[in-house]
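Colleague: have a look; sequence and predicted model below, questions after that.
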Amino acid sequence: MSYEHRRIPAPAQHPLHRADGAPIRAVVVDDEESLTEVISMALRYEGWQVRVARDGQEGLATIREFRPDVVVLDVMMPFVDGLSVVSRIRADGLFMPVLLLTAMDAVEDRVMGLAVGGDDYLTKPFSLDELVARLRALIRRSNLALAVVGDAALSVGDLVLDEATFECSRGGEHISLTATELRLLAFLMRNAGQVLSKAHILAEVWETGFDERTSIVELYISYLRKKIDALGPAMIHTIHGVGYTLRSAS
């Protein structure tokens, strides 16, 4: 293997913690034992609590029992593959950030992983420094970090979003969101009435180096429309050739 993971990254100067001050909880799921060992070592060096699973079936059980704050998940695994694991935990109502590890670097493969509810991806081989940095970024953007900052709800018309609790509703009707859907909706709501370009959305919501040819923004905009615009007059609008905007329907 050519991973740079043999060198354990130095711990961050500003360690992350749960909102109650407890250590971050992480689950690492991969059938490559040497890889799970070195990832676990790097995360424990960050001061995190880490559980390891060797396949998708064991990973599902571990995630459901341990309730981690973040998950590192290989896509190609025996018994239950990584994409199925993501789909099942999302169906369980578990919305912690998931970083997918994949040996496939085609754009279509990455989009598929994100489409089922993954939040970021790394293509093998990768460096441990980048993996830790991406996990820290996911946690900072998740409801875990937002709960420390404050719990003020965003509202546009009859659409309400509480970033601290993942609670979203329109006209009093509850809306279930994945972590990525929440980040995208929050960004649209904070900039309600403004037209946001695809490049701007990619940079602010994903921060993972997608170029503008990817269809990931269109894909997640369609997910939000199915959940939000289905409950009333359209709020999410496409400005052709420019970008997207969210506006009150009232």
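Modeller: Perfect, thanks for sending it.

Colleague: surely V71 touches I63?
Modeller: Yes - between V71 and I63 there is a contact under Cβ atoms under 8 Å: 6.2 Å. C-beta: built from backbone N, CA, C; applies to glycine.

Colleague: what do the two both touch?
Modeller: Taking Cβ atoms under 8 Å, 6 or more residues apart in numbering as the contact rule, V71 and I63 both touch 27, 29, 89.

Colleague: among those, name the ones in strands.
Modeller: Among these, the ones falling in strands (DSSP state E) are 27, 29.

Colleague: can you add pLDDT and distance to V132 and give the shared contacts of V71 and I63 back as JSON lines?
Modeller: Output for the shared contacts of V71 and I63, formatted as JSON lines (pLDDT from 0 to 100; distance: Cβ to Cβ, whole Å):
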{"residue": "V27", "pLDDT": "97", "distance to V132": "15"}
{"residue": "V29", "pLDDT": "96", "distance to V132": "17"}
{"residue": "I89", "pLDDT": "90", "distance to V132": "22"}
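
Colleague: picking up where we left off before, V71 and I63 - which one has more neighbours?
Modeller: Neighbour totals were compared for V71 and I63, and V71 leads with 30 against 24 (other Cβ atoms under 10 Å).

Colleague: what sits against that one?
Modeller: So V71 contacts 26-29, 59, 63, 89, 96-99 (Cβ under 8 Å, 6+ apart).

Colleague: swap the cut-off to 7 Å and go again
Modeller: By Cβ atoms under 7 Å, 6 or more residues apart in numbering, the contact list for V71 reads 27, 29, 63, 96, 98.

Colleague: any idea how this structure splits into domains?
Modeller: Here the domain parsing of the chain from the TED database is 25-146, 154-246.
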